[in-house]
Each structure stands twice: as C-alpha cells, then as structure tokens.
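Colleague: Provide a 3D model corresponding to the input given below.
(4 chains)
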4 protein chains.
Amino acid sequence: MANFGGHAIPGTFFLLYGLWLAVKHTLCHHWRKGQTTGRQKTPTILKYMEYVEGGFEMFAAFVGIMVEQFVTDGPHAELYDHSSKSWVKLMNWQHSTMYLFFGIAGFANVMTTLTKSTPLGIDRISVSLALFVEGFLFYYHLHDRPPLDAHVHTLLLVPVFAGSANAMLQVFLRDNIILELFLACLFFLQGSWFYQIGCVLYPLSGPQWDLTMHGNLMFITMCFCWHLAIALLITSIISLLVCSIVKRVSGNSRNVELGMRNTANCSRKALLDETDEE
Amino acid sequence: MANFGGHAIPGTFFLLYGLWLAVKHTLCHHWRKGQTTGRQKTPTILKYMEYVEGGFEMFAAFVGIMVEQFVTDGPHAELYDHSSKSWVKLMNWQHSTMYLFFGIAGFANVMTTLTKSTPLGIDRISVSLALFVEGFLFYYHLHDRPPLDAHVHTLLLVPVFAGSANAMLQVFLRDNIILELFLACLFFLQGSWFYQIGCVLYPLSGPQWDLTMHGNLMFITMCFCWHLAIALLITSIISLLVCSIVKRVSGNSRNVELGMRNTANCSRKALLDETDEE
Amino acid sequence: MANFGGHAIPGTFFLLYGLWLAVKHTLCHHWRKGQTTGRQKTPTILKYMEYVEGGFEMFAAFVGIMVEQFVTDGPHAELYDHSSKSWVKLMNWQHSTMYLFFGIAGFANVMTTLTKSTPLGIDRISVSLALFVEGFLFYYHLHDRPPLDAHVHTLLLVPVFAGSANAMLQVFLRDNIILELFLACLFFLQGSWFYQIGCVLYPLSGPQWDLTMHGNLMFITMCFCWHLAIALLITSIISLLVCSIVKRVSGNSRNVELGMRNTANCSRKALLDETDEE
Amino acid sequence: MANFGGHAIPGTFFLLYGLWLAVKHTLCHHWRKGQTTGRQKTPTILKYMEYVEGGFEMFAAFVGIMVEQFVTDGPHAELYDHSSKSWVKLMNWQHSTMYLFFGIAGFANVMTTLTKSTPLGIDRISVSLALFVEGFLFYYHLHDRPPLDAHVHTLLLVPVFAGSANAMLQVFLRDNIILELFLACLFFLQGSWFYQIGCVLYPLSGPQWDLTMHGNLMFITMCFCWHLAIALLITSIISLLVCSIVKRVSGNSRNVELGMRNTANCSRKALLDETDEE
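Modeller: Purely as a prediction, here's the structure:
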C-alpha cells in the first residue's frame, strides 16, 4: 500500500461510510421523533439499511483481506519464512487484521438487527473495537520514520481513537443524535486525512515534500484542523438535506398544521430527552 | 502577535466571554428554578442573549481572521510562497484557524436557539471543538522554545483542554449549573493567564525574565494556581451579584412570603435535580 | 516464575475465570429478563455461584501466596536480608501482593452476596482494584528489559487496565450485560496472552525468539489483536451456548407460546432498558 | 518541611480527614436509608458535622499558611528578594497555596450547608480542585531528584489525582456511598503514604535508604499496594463499626421486627438505587 492508491482506497471507504452513517442516523432520528406523535411508522427500511451496512462491511472486509494476501507482492497467506528466518509482509498481515475487525463489526451489526436476543450495543462496541485495533496497530507502526511521515500518521490517530471512544460511549448513550453525527464526522475526517497522507507521502504531481522541514509539520497540523472544519460542514449539510427531504416526503402524506404540531412535539420531546438527563 | 498586546487582546476577549457565561448561566439557572413554581416566565431575553452571543462570536471571529490576514506583516491570504519555497506566516494562519472554530461555535449557538429541529447540544460540542482545536494547535507549537516560554504555554493548555472536556460533558449533562459556572471560571483563568504570558514574555516594564532559571518555573507554576483561585472568586462573586439582583427585581413583582415559598421550592427542586441522579 | 509454567498457571486461572464470568453473567442476564414477565424465579443458584466464586478466589489467593512464599527458591516470608543488605526475592513478594488483592476481591464478593447491608458495587470496585494493582506492579516491572520482553508485558497491561476500568464502570452501570461479557472477554485475552508471553520468552520447542528484532515486535503487536478476536469469538460462543441451554431447560417447564411471549417481553424490556438512557 | 515531622503533620491531617469522611458518610448513608421507611429523622447533627468540617478546614488552612509563612526560616510574606534577584522560599509559598485551596474547600462546604441556594456539588468540586492543585504542584516539584525520592512522590500523586477524580465524579453522582467511602480510603492512603515518605527520606532510626538502588524502588512500589490494602481494611472496619453502633442506638428506640423491616426496605431501596441506573 506504499503508494497514493493505497491511501486513496481506504480513504474513499471511510468517506462513504461517514456519508452512510450521517444519512442513516438522521433517518433514525427523524423516525424516533415521529414516534412521540403516536404514529407507529414501521422502520423496516431502517432494518434493511442495517442489513445492507453489516453485509457490506463483511463483504468489504473479506475482499480487503483477500487482496492484501493474494496481491502479486503479497504474503499469499504465508506468515513466516523459515528459509530467511523472517516474517513475510507483516504490513499486509496488519492490514488484513484491521479489515478482520471491521468484518466482525459488520457481523455484530447484522446479528443485533436480526435477533432481538442479542443485547443492543454489541454493534457499537464492535465498531469501537475495530477502530481501537486500527489505531493500536498504527500506533506501533510509527517509530523510526521521518518526522513528517510520523506526524501525519499520529494525527490520523486522533479521529481513530476519538471515534473508538465515541462508539464506546454510544453503548451507554444509545440513539444520541449528536454522538451519532459526530461519529460520522470523525469518519469523514479520517477518510479525507487518508487522502492527505497520500498527497504528502506520494504526491501525484509537483515536488516531493521535505519530510524534515519544520514548516511542513506546522502546516500539516493546521491542515488537520481544516479537514475537521470541512468534515463538520459536510456532516451538517448531509443531515440538513436528509432531514428536509424526509420532512417533505412525510409532509405530503398529511396536512400542514399537523406537520407543524408534529415538529413542535418532536422538538419538545427532543428538549425533554436532553433535560431529563440533568 | 509576538508582543504584549498580542496576548492582551485574546486575554481580554476570554475574560469578557467568561463574564458573559457566568451572567447568562446564572440567569438561566434562576429561570429554570422559577419554572418549578408553575410561573411560565418566558425566557425571551435569554433567547436574545444567545443570539447576541452567537452573533458576536461570528463577528469577532471574522474580524480576527481579517486582522490576522491583512495586518501589515500578515500573509495577506497567501499560504505558500513558491519563490522562497516556504509557508507564509504560519503563525497568523494558525490563529485564523482558531478564530474560525470559535466562529463555527457562534454559528452553532445561533442555529440551536433559532430552530428547535437543531438537536440541543450542538452548541456545546462546537464550543468543545473550538477549545480542542485551540489547545491542539498550541500543543504542536511548543517545541524548541526556552523552558519558561514552553512552560507558560503548557500551563495554558490546562484551562483550554479542561474547558473542552467540560463543554463536551455539557452535551450530556445539560443545564448543570456547576458545569456551566466552572466553564466560565476556566475562561476567566484562560484570559488572565494570557495576560500573565504577556507579562512574562514581553514585560512592559522592569527587567526581562530569565527564561531558563528554575526558580521562575516554580513560581509560575504556583502563580497559575493563584490565577485559578482568583478565577473561582470572580465567578462566585458575579454569580452571587446576578442572583441577588434578579431576586430583588423579581421579588418586587410579588409579595414576600410567595418569594419565600418560591425560593424554598427552587432549592427543593435543585435538591431533587441532584438526588435523582443517585 | 521465570519459566513457561510460571506463565501458564496464571494464564489458565484467568481463562477459567473468564469462562466462569461469561457463564455467570449470561445466566444472570437471562434471569433478569425473565423477571419482567412477573415470574419470580428465585436466583438461589446465582447466589451460590457468587459464594463459590468468592470462596474460590480467597482459597486460590491463599494458596498462591503460600506457594510464592514457601517454594524452594522463595523468600520464606523473609523480606529483608540484613546480612547482604538487600531485599529477598521481591518478585515473589510482588506476586503475593497481587494474589492478596484478588483474595480481597473474593472476600468482597462473598460479603456483598451475604449481607444486603453491604452496598452493591463493593464487589466490582474490589475487582477493579485487584486488576489495577496487578497492572500497577507490572508497569514498574518493565524497565531495562530487552525490547520484545518489555513489549509483550506492555501489551499485557492493555487487558489489565481495560478490565480495571470496565469493572470500575460496573460500579455505576450494574447489570449491563455488555460490560459484563466484555470483562469476561478481557480475562480471556489476559489469560491467552499469558500463554503467549510464556511461548515468546520461554519457548518449549524450536529456537529462541530474537528479543531485539523489529519484525518480532511488529508480529507480536498484530498477534495481540488476533488474541482479542479469538477472545471475542469464545465469549460470544459461550454466551450463546448458555443462553440456548437455559432457554431449552426453562422452555420445557412451560408451553411454547408462553415462552414465545416471554422472549418477546424480555427483548422488548431489554430494548427499553437501553432506550430509556437516551 | 524537609524533615520527618514535615511529612508526619500533613500525614496525620489526611488520616484524620479520612477517618472523619468515613464516619460522616456512613452516618449520612444510614440516614438516607432510614428515609425510605417514611421516618423523617432530621439530620441536624449531620448539618453540624458539615459546619464543623468546613470550619475546621478553614481554620487549619489559615494556621498552616501562617506557620509556613512565619516559621523562623520562612519567607515572612516576602515573595521576591530584589537584592539577591531570586524568589524567597518558594517551597513554603507552594505549601501555603495548597492550604489555601483546602481552605476554599472548607468555605464551599460551609456555604453549601448554610444556604440552599448554593447549588449542591460546589462542595465536592472544591475538594476536587484542592486535590488537583496539590497534585499539580507536586508534579512540577519532582524533576532532578534522586530516583527513589522522585518515585515516592510520584506514587503520592496516585491517591491525590484519584481522589480529585473521585470528588469530581461525586458532583454528578452525589450520595453514592461507594464513591464516598473510596474517597475516605484514598485520604487514608495519602496520609499513611506521607508517613512512608518521611520514613524513607528522613529515617528516624537505622541507616539511610540508598536512593538509587533499584531494589528499593521495587520494594516501595509494592509497599504502596500494602498501604492501599491497609487503607481499604481501615475504611471497612470504621464503616462497619459506625453502622453497627448507629443500628444499636436507633434500634433501641423501636421494636425489633420494625427494625428488621426497615433494614429490609433499606436494602431493597439500595438495590433499586443501583438497578435503576441500568
């Protein structure tokens, strides 16, 4: 994966996953608010979304592992080379391990949706563990690299571990829209930062970056904040779009002042949800 | 900003913001307590205060960014100088980035107050992020500086990150007066510490500080605690003043023993608020 | 304990304890769910399990301390050797200290089950302290060792301190099945990792590990994640088995559709348990 | 304070404070449990205890500051010596600062008990800040000392910061007997550890400790765990004694089976307190 593509592919996946989470959780939130007005709108579509998400995660993890293993310069499922007395392509093995845990997260997601006897929260804790393992492996990845290289990967750990903590928190504070959207935002940040790493270490055009120049370190640190700002912007735009679309769609099915009243109730309920945590 | 003024200006802003928060949250708290007595006193003024706060934050952030960019020795919106192959005035760019996030916090504040469909807590998490970004940029700011210089900036990170954690906590424990006043206190601390930094690095009068003498480090560490003590004192005085003024004002509008009863109810309610968390 | 057996014995204990916790908490969870259907099934067996657990912990701790002290090359309860002006076998003393705290945890467990006047949660906080002490002593154990040796012991701290935090959390979030099963999982991880340490430092067969080779460090880091994956797998399998067995057993004692209804209620209740935390 | 007495005095204070907290909180807990049975036993004595505690804290803090300042070799309220261009007796000034914050904690304690309009929790957060400041000043105290000296002071930070976190937690989880007794336990640990530090650095009898020998570091680390075990033992004994005395006293005032019923109710209520946090 030591090239631009190798960073663009996971980046794209994380961007898409962030997009997916933002859409899904906004829909769930809207449905939950609808609940309070007595209308029992069955969330079959939401269930299907969970299946799709989990299934895709498992599929993507499987493909990822296969690619990492059987790419031309991969380890081909060989772990230790007794002839040279050394480990074979540990980098690919580590990436396979990361994918494995995202696959587990997908499986947990499906199980939680499938059978009600699976305790709620298993899905979130497995996402938390997947992110933890990713950060954990990256963390022990970094030593004896040039300063800038180490720094961009260190900054990557911020969204990874923050996401892990966020998902862990969701085990106990389930259906908190702010936590959910913030997790989506952190996935956007991680995704776009993967692209940034690719640009810094393997620029497609222009000169190479000086990996030791202090100015570059300072710029990258600031650049990370810009990525965060953009991730926040994207998350809120998506959430607004979905919200307005859903409102228009569900709005057509009933007259206006009822809609008004619903909105009022929802907001009041949202208010109560918050306040009864004082 | 490498002069006394450059530290006095943000210091003043943070002091004023702390003052504002202390006043606002004391008023909110008093109004919430009033609620329990059945009187529906409309908090229109509180809403206006939120608009003023958010609007001012956005305005100040905009002005701050403009100043940082277009001050005579600023980068003038130029990021990379291809001629000298170096970044232009990264310090100013970093400060602009900090202001940007406080602007976002102001925007979130206005939105939360404006439309009930914005989930409560967005305002707090955006403040938390603004403080995180500030601390994050300062943190990667510090290396290869003389000991005392690095130390005073390290101490600055204490109120910054503590404030960030506090605001994040308020997302889940909303309307907890202690958290709210403590956040105000942390802003006072941050503000007064900015002044302290200015005095240490760019003394207006008297001799320069020896930036390597160990005694100075020990004194500054202790001095930080004194700032904290003073911040606690100021916060409680303000809160007391506001509380007593409000009580007198609202007291005139109804006879005394009713006031008594209200106070009793309030306190009992406050008591319940706490106890039902056991 | 500087041999394979010295790591296999604690490893085995932790694996068995993890197994025990997984079984016990799954039973408790099933019983709690049953509660909602109005049937008051007395958990006498669960109480007995607590006594057995606590009693065994105390017994094992006592035996462990005795062995550490009076093994042939042990300190024989002598702490300081005045002749050689040095401490006697501090390693054995440290292990005895660890066992002591697990003994305390067992005692607390028995007391909590025995008398209702012992506040609930004492049992969990004592487990948390036992794990903290274990990690605390290991942590100050590590310096001036070869890299790989230090690394495998550092990784051991992850399940230890995570388990301590988990148990501390259970003081406040009692009867949360996810926390409980995750703690069991962390004990599995710790147990299997003890075996891994034994294999790395004192291989039973084949060549010695090169304790300085970087490839080995990278592999061990990844290997730790595999242990975590296996621990998750084992925990879920055990939980599933126990759950299905219990359901079949309790299913026989009443007709089917009642069972159905119960399951429905349970799951709905579980759902409510979670959702009322929003 | 560079002598045995200088460590024995604070040690004694912390031991007594721990004793006080253990007694007070056990009484409060017993009274709270009594509440559920409908008997409104007025906790006047508990209020008085708060006044005594707060008042004593303020008094002790004042005396401590005076002593630190005006002891023969003290700074006599002189901070900076312009003749020698150096700070005067910063150590004494730092200790005065620590006492100041414990004085503030005492004041907050009195205010919270005095006027119901002071939000509950102010007392706990001020204790938390006092401990934070203590640890904060000790932390920046440690560099360039011999290994063992630094180590014993580092270990001191464990109960200090753990106590600070515990008190902060009590702001939100008030009247949780486990948190309260654990805080008492941490004060016992801190107190006894102060004695240990005194014994290590300024032995009253016998030879000096070798401050660089590794064996001593390992022993002290383990010794810290023994102090913790003893602190746990003392806390539980005190709590048991108080509980049994109170039960006998209050038992005399009503017939037995009523007592039984109360105890039953209490425990059930305690059970509910916990369970409704799931």
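Colleague: make it CA atoms for all contacts and neighbour counts henceforth
Modeller: Will do.
Colleague: touching, residue A:168 and residue A:130? I think so.
Modeller: No - in this structure residue A:168 lies outside contact range of residue A:130 using Cα atoms under 8 Å: 10.9 Å.
Colleague: more neighbours, those two?
Modeller: residue A:130 (25 against 20; other Cα atoms under 10 Å in any protein chain shown).
Colleague: go ahead and confirm the more buried one touches residue A:97.
Modeller: No - counting by Cα under 8 Å, residue A:130 does not reach residue A:97; the two are 9.6 Å apart.
Colleague: number of nearby residues for residue A:125?
Modeller: Residue A:125 is flanked by 25 other residues according to other Cα under 10 Å.
Colleague: can you tell me the helix or strand for it?
Modeller: helix A:122-139 (DSSP states H and E).
Colleague: give me the helices and strands touching that helix, please.
Modeller: helix A:90-114, helix A:147-172, helix C:214-252 (3 or more Cα pairs under 8 Å, 6 or more residues apart in numbering or on different chains; DSSP states H and E).
Colleague: flag every buried residue along it.
Modeller: A:122-138 (16 or more other Cα atoms under 10 Å in any protein chain shown).
Colleague: same check on stretch A:61-69?
Modeller: A:61, A:62, A:64, A:65, A:68, A:69.
Colleague: and if you look at stretch A:72-83?
Modeller: Result for stretch A:72-83 [16+ other Cα under 10 Å]: buried residues A:74, A:75, A:76.
Colleague: between the buried residues of stretch A:61-69, which is nearest chain B?
Modeller: residue A:61 (32.0 Å; Cα to the nearest Cα).
Colleague: thought the closest one was touching residue A:99?
Modeller: Yes - counting by Cα under 8 Å, residue A:61 does reach residue A:99; the two are 4.8 Å apart.
Colleague: out of the helices and strands packed on helix A:122-139, which gets nearest to chain D?
Modeller: helix A:147-172 (9.1 Å).
Colleague: check which helices and strands the helix or strand just after the closest one is in contact with.
Modeller: Where DSSP H and E defines the elements, the next helix or strand beyond helix A:147-172 is helix A:177-201. Other helices and strands packing on helix A:177-201, by 3+ Cα pairs under 8 Å, 6+ apart, are helix A:4-35, helix A:147-172, helix A:214-252.
Colleague: flag every buried residue along the last one.
Modeller: Taking 16+ other Cα under 10 Å as the neighbour-count basis, helix A:214-252 is seen to contain the buried residues A:216-232, A:234-236, A:238-240, A:242-243.
Colleague: who are the packing partners of that helix?
Modeller: Against helix A:214-252 (3+ Cα pairs under 8 Å, 6+ apart) you get helix A:4-35, helix A:147-172, helix A:177-201, strand B:86-87, helix B:90-114, helix B:122-139.
Colleague: the longest one relative to helix A:214-252, how many degrees between them?
Modeller: The one in question is helix A:4-35. 40 degrees (axes from the mean of the first three to the mean of the last three Cα atoms, to 10 degrees).
Colleague: what's the answer for the third one, then?
Modeller: Interaxial angle of helix A:177-201 relative to helix A:214-252 (the same axes, to 10 degrees): 140 degrees.
Colleague: list the buried residues of helix A:177-201.
Modeller: A:177-201.
Colleague: any stretches of chain A with poor pLDDT?
Modeller: A:1, A:36-42, A:252-278 (pLDDT under 70).
Colleague: for it, which residues are neighbours of chain C?
Modeller: A:86-87, A:90, A:94, A:97, A:101, A:116-117, A:119-122, A:133, A:137, A:140-141, A:172-176, A:273-274 (Cα under 8 Å from any Cα of the partner chain).
Colleague: list only buried entries from the residues you listed.
Modeller: Buried among the residues of chain A next to chain C by 16+ other Cα under 10 Å: A:87, A:90, A:94, A:97, A:101, A:116-117, A:119-122, A:133, A:137, A:141, A:172-176, A:273-274.
Colleague: list the contacts of the residue nearest the centre of chain A.
Modeller: Nearest to the mean C-alpha position of chain A, counting by Cα atoms, centre = their mean, stands residue A:187 at 3.6 Å. Residues in contact with residue A:187 (Cα atoms under 8 Å, 6 or more residues apart in numbering or on different chains) are A:14, A:15, A:17, A:18, A:159, A:163.
Colleague: dump those residues to a markdown table, plus neighbour count.
Modeller: Output for the contacts of residue A:187, formatted as a markdown table (neighbours: other Cα atoms under 10 Å in any protein chain shown):
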| residue | neighbour count |
| --- | --- |
| A:14 | 22 |
| A:15 | 24 |
| A:17 | 18 |
| A:18 | 26 |
| A:159 | 23 |
| A:163 | 25 |
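Colleague: quick check, nearest of the residues you listed to chain C?
Modeller: Using Cα to the nearest Cα, those come closest to chain C at residue A:163, 17.2 Å.
Colleague: list the contacts of the closest one.
Modeller: Contacts of residue A:163 (Cα under 8 Å, 6+ apart): A:128, A:131, A:183, A:186, A:187.
Colleague: out of these, which is nearest to chain D?
Modeller: Distances from chain D to these, taken by Cα to the nearest Cα, are shortest for residue A:128, at 20.5 Å.
Colleague: that closest one reaches residue A:164, doesn't it?
Modeller: Yes - if you go by Cα under 8 Å, residue A:128 and residue A:164 touch, sitting 4.2 Å apart.
Colleague: any idea how far the residue nearest to the centre of chain A is from chain B?
Modeller: 16 Å (Cα to the nearest Cα, to the nearest Å).
Colleague: check residue A:11 too.
Modeller: Taking Cα to the nearest Cα, one finds residue A:11 at 23 Å from chain B.
Colleague: the residue lying closest to residue A:47 once chain neighbours are set aside: neighbour count?
Modeller: Take residue A:47 and drop its neighbours on the chain: the residue closest to it by Cα to Cα, 6 or more residues apart in numbering or on different chains is residue A:113, 6.6 Å away. For residue A:113, the tally of surrounding residues (other Cα under 10 Å) stands at 20.
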